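S.K.: what follows is a predicted structure for the sequence shown.
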Amino acid sequence: MTDKDKRYKYAFRAIKSSQLWRALEKFKKHYLDTKNPDFLVIPYILTCAAYLESKLNDSFHDTEKQYGNDFSYAMMSLSLPNKLKVLVPVLTNGKFVINKEHFVYQRLISLIRVRNTIAHAKSELKEITANEDEVVNEPIMNSGIHKIPKHFLNDTNDITLGASKTFTPLEYHEALDKFKKWFFLRYPDKLSEVPMLIERSKIPQWEEQTRTFVKYMD
């Protein structure tokens, strides 16, 4: 067998978060350009959530060299909210924690909740009160005409499943953009300058008064 005939094994790491970010940029353009963007809300938000998890997984994968495979895979197996919470302590060797009151964190946690609601959508029973001015006559299949609160009709016509009631896809996208710049495009020694961090030593904690217990025998 000549050198030309030899087959060599190659490997490369496909960075899925980069592809998802390009998809988000396209979603943003279409969302802004279309007159009725409601049909884009669900796929846009789900892609936002997919990017967040992919980027967090990338970051935890990078810890493999420092902490080993077990640690890296343990971090990647956490739930998405917990991945978000532990990212800062991991990146800063425990010196900082994430500020849960910061608007970026609030949006990202909301994004995770909305993602879960959409991905695990379940039918639900709703009860409301309505007066005569708030109901309309509507045909119900195999049942005839019935009085229906207008609010119910609005809900059934909402193709977004209420996904943008708290924040719009653009606001989630903005939060991801800041998160990306602050934590993944910044040198590690500059992380302390991120406004989304709290120095752990400044957080009030219980003080340990004693480390030794002595057993007295009669």
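M.R.: Right, received. Where do you want to start?
S.K.: for the spatially most central residue of the chain, pull up the helix or strand it's in.
M.R.: Taking Cα atoms, centre = their mean, the centroid of the chain lies closest to I112, which sits 4.0 Å from it. Using DSSP states H and E, I112 sits within helix 103-119.
S.K.: how close does the residue nearest to the centre of the chain sit to D33?
M.R.: Distance, I112 to D33, using Cβ to Cβ, to the nearest Å: 28 Å. Where C-beta positions appear, they are placed from N, C-alpha and C, glycine not excepted.
S.K.: ok so, going back, the residue nearest to the centre of the chain and L84 touch, don't they?
M.R.: Yes. Between I112 and L84 there is a contact at 7.4 Å, judged by Cβ atoms under 8 Å.
S.K.: so what's in contact with these two at the same time?
M.R.: L52 (Cβ atoms under 8 Å, 6 or more residues apart in numbering).
S.K.: so after the helix-or-strand element of the chain with minimal mean pLDDT, what's the next helix or strand?
M.R.: The helix or strand of the chain with the poorest confidence is helix 150-156; it has a mean of 65 (mean pLDDT, DSSP states H and E). As assigned by DSSP H and E, the chain's next helix or strand after helix 150-156 is helix 169-183.
S.K.: buried stuff in stretch 73-91?
M.R.: Residues 75-76, 80, 83-88, 90-91 are the ones in stretch 73-91 that count as buried (16 or more other Cβ atoms under 10 Å).
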